[in-house]
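Chemist: Only the shape, not the letters, is given here:
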């Protein structure tokens, strides 16, 4: 509280001080701009790294699960199991290996995103109509060209839907990384709770929701640009 | 690092389990919280969603509530509740410090899964069946209780299952805002640089989560009419990661 008192004394009346503790306070945003920018950057970095890592693992995993149907149920079973474990309990389980680092958070989040993405990729590949596959085979497409030129583009809307779910929940879950001090905006929320600083906690929460919406919009835009053939059909 | 040994020792030491700060007490507290919150959410959400599904209205709301729920960090909502004048950190009976705030946040985060699944479950009852029911002269209520509800039940239960997983996770996060429950063992361990304790707490939380999920899977199996092998639709809506398109997926029977 001394910190808040000092700030109030320096700036005169403000919407955060020892006597004022408003939720919405532009003065806070101006005064602590650097804190907010740093936390947001860390948040975005953790989220993006986790999503990239998850995609990099989910893709081969989905292909393997599709190739060997027996493995599919175990891949999906294990991923359901992982998804059941609360995030606050998952991060500590990585700790002995990765310590109090950003890696711990990125790995944990990637694991959650992975479970969503593997299913989405499997569903996406499955959404390709059998006739289309047969036509491609008839045109002389081998397995690799079939995958990259036919199945991936046609499955894209389903992958994108999975990626949207994964990215929105990853943005929200990143806040829990505060447990190992790498929570992005979660660090500000935690600090806000500890100091009973409403403006800090509220601003961080709002930015967090806005980040999720922005990332979601970005994926929708990417999907729109990448799948020109669906535009006429979409509602 | 001797973290593994520390974790093991912490779990085996009986004194860590007993007493008012012991893991057993916190475990019971968190279970009580989770079940109460799930009960509140089901009492509010199920009638509403089943009724909307029966009428075939309000689908936009029922489906989008899940997307909104996903974007709001549970931690942020808990933090807002605790710092606000109401409900704040006030104790609430057996629920401990910040009991009311935690209970509210938990119930709110349980609602989306319950509402979306129950709504979709009733909506996706095949039109032929509801038409036959109407043709037999059933009233709306009879159609609902005799046709729609029995067919929708497995999917409704899988929504509750998903909600329970969500509630348990949120109850753990409550510890980050000094709330009740087992998450405290994790956060206290980390705050004191006693990682063995933190990891021990995490192990207990994870094991109970898997146990709850397994129990709900059995309940879901019990309510399935015919008890045949799990149909794709049900598997899709089980308490795994959210699946896409489930809400608009055509029926496969």
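Modeler: Received the coordinates, thanks. Because the structure is predicted, anything quoted here is derived from the model rather than measured.

Chemist: helices and strands of chain B: which one bottoms out on pLDDT?
Modeler: When each helix and strand of chain B is scored by mean pLDDT, DSSP states H and E, helix B:232-237 comes last, with a mean of 45.

Chemist: any low-confidence regions in chain A?
Modeler: By pLDDT under 70, the weakly predicted segments of chain A are A:1-13, A:233-235.

Chemist: all helices for it, in order.
Modeler: Counting by DSSP state H, chain A has these helices, from start to end: A:2-11, A:26-31, A:33-67, A:69-84, A:87-98, A:102-126, A:130-138, A:143-145, A:152-174, A:185-194, A:198-226.

Chemist: Mean neighbour count and distance to residue B:215 for those helices - can I get that in CSV?
Modeler: Every residue, glycine included, has its C-beta placed from N, CA and C. CSV is the format used below for the helices of chain A (neighbours: other C-beta atoms under 10 Å in any protein chain shown; distance: least, C-beta to C-beta, whole Å):
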stretch, mean neighbour count, distance to residue B:215
helix A:2-11, 13, 47
helix A:26-31, 16, 46
helix A:33-67, 18, 27
helix A:69-84, 16, 12
helix A:87-98, 23, 18
helix A:102-126, 24, 21
helix A:130-138, 11, 39
helix A:143-145, 10, 43
helix A:152-174, 23, 24
helix A:185-194, 24, 31
helix A:198-226, 18, 32
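
Chemist: To residue B:163, which of these lies closest?
Modeler: Proximity to residue B:163 (C-beta to C-beta) singles out helix A:69-84 among the helices of chain A, at 12.6 Å.

Chemist: What is the closest one packed up against?
Modeler: helix A:33-67, helix A:102-126, helix B:195-222 (3 or more C-beta pairs under 8 Å, 6 or more residues apart in numbering or on different chains; DSSP states H and E).

Chemist: State the mean pLDDT of the last one.
Modeler: Average pLDDT, helix B:195-222: 91.

Chemist: Including distance to residue B:110, could the helices and strands packed on helix A:69-84 go into a markdown table?
Modeler: Formatted as a markdown table, those follow (distance: least, C-beta to C-beta, whole Å):
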| stretch | distance to residue B:110 |
| --- | --- |
| helix A:33-67 | 25 |
| helix A:102-126 | 19 |
| helix B:195-222 | 13 |
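
Chemist: Just tell me which of those helices ends up closest to residue A:194.
Modeler: Comparison of the helices and strands packed on helix A:69-84 against residue A:194 by C-beta to C-beta identifies helix A:33-67 as nearest, at 14.4 Å.

Chemist: Format the helices of chain A as CSV; extra columns: distance to residue B:168.
Modeler: Listed next are the helices of chain A as CSV, based on distance: least, C-beta to C-beta, whole Å:
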stretch, distance to residue B:168
helix A:2-11, 36
helix A:26-31, 34
helix A:33-67, 22
helix A:69-84, 8
helix A:87-98, 10
helix A:102-126, 15
helix A:130-138, 41
helix A:143-145, 42
helix A:152-174, 15
helix A:185-194, 20
helix A:198-226, 22
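
Chemist: Pull up the gap between the residue lying closest to residue A:96 once chain neighbours are set aside and residue A:153, please.
Modeler: Take residue A:96 and drop its neighbours on the chain: the residue closest to it by C-beta to C-beta, 6 or more residues apart in numbering or on different chains is residue B:3, 4.4 Å away. For residue B:3, the distance to residue A:153 equals 46 Å [C-beta to C-beta, to the nearest Å].

Chemist: same deal with residue A:137?
Modeler: Applying C-beta to C-beta, the value for residue A:137 to residue A:153 is 16 Å.

Chemist: ok, now residue A:84?
Modeler: Distance, residue A:84 to residue A:153, by C-beta to C-beta: 34 Å.

Chemist: Contact partners for residue A:88?
Modeler: Residues in contact with residue A:88 (C-beta atoms under 8 Å, 6 or more residues apart in numbering or on different chains) are A:176, A:179, B:169, B:172-173, B:175-176, B:183, B:186-187, B:202, B:205.

Chemist: repeat that with 7 Å
Modeler: For residue A:88, the contact set (C-beta atoms under 7 Å, 6 or more residues apart in numbering or on different chains) comprises A:176, A:179, B:172-173, B:175, B:183, B:186.

Chemist: Quick one: residues contacting residue 71.
Modeler: Since you didn't name a chain, this refers to chain A. A:64-65.

Chemist: actually it's chain B I care about, not the one you picked
Modeler: A:168, A:172, A:209, A:212-213.

Chemist: now those residues as a markdown table including distance to chain B?
Modeler: Listed next are those as a markdown table, based on distance: C-beta to the nearest C-beta, whole Å:
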| residue | distance to chain B |
| --- | --- |
| A:168 | 5 |
| A:172 | 4 |
| A:209 | 6 |
| A:212 | 4 |
| A:213 | 7 |
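
Chemist: Run the contact check for stretch A:57-65 versus chain B.
Modeler: No - Stretch A:57-65 lies out of reach of chain B by C-beta under 7 Å from any C-beta of the partner chain, never closer than 11.2 Å.

Chemist: So what's the gap between that stretch and the chain middle?
Modeler: 19 Å (C-alpha atoms, centre = their mean, to the nearest Å).

Chemist: what's the answer for stretch A:23-36, then?
Modeler: Computed by C-alpha atoms, centre = their mean, the chain-centroid distance of stretch A:23-36 equals 25 Å.

Chemist: Give me the contact list for that stretch.
Modeler: By C-beta under 7 Å, 6+ apart, the surrounding residues in contact with stretch A:23-36 are A:7, A:14-16, A:188, A:198-200, A:202-203.

Chemist: mind running it again at 8 Å?
Modeler: With contact meaning C-beta under 8 Å, 6+ apart, stretch A:23-36 is reached by A:7, A:11, A:14-16, A:188, A:198-200, A:202-204, A:207.

Chemist: And the residues you listed, which is closest to residue A:114?
Modeler: Lowest distance from residue A:114 to these (C-beta to C-beta) belongs to residue A:207, with 25.9 Å.

Chemist: Chain A - how does it break down into domains?
Modeler: Taking automatic domain parsing as the domain assignment, the ranges for chain A are A:1-31, A:33-226.

Chemist: The longest one: end-to-end distance?
Modeler: Pointing back at domain A:33-226 there. 36 Å (C-alpha to C-alpha, to the nearest Å).

Chemist: What's the separation between the residue lying closest to residue B:210 once chain neighbours are set aside and residue B:45?
Modeler: Using C-beta to C-beta, 6+ apart and skipping the chain neighbours, the partner closest in space to residue B:210 is residue A:84 (5.8 Å). Relative to residue B:45, residue A:84 is positioned 21 Å away (C-beta to C-beta).
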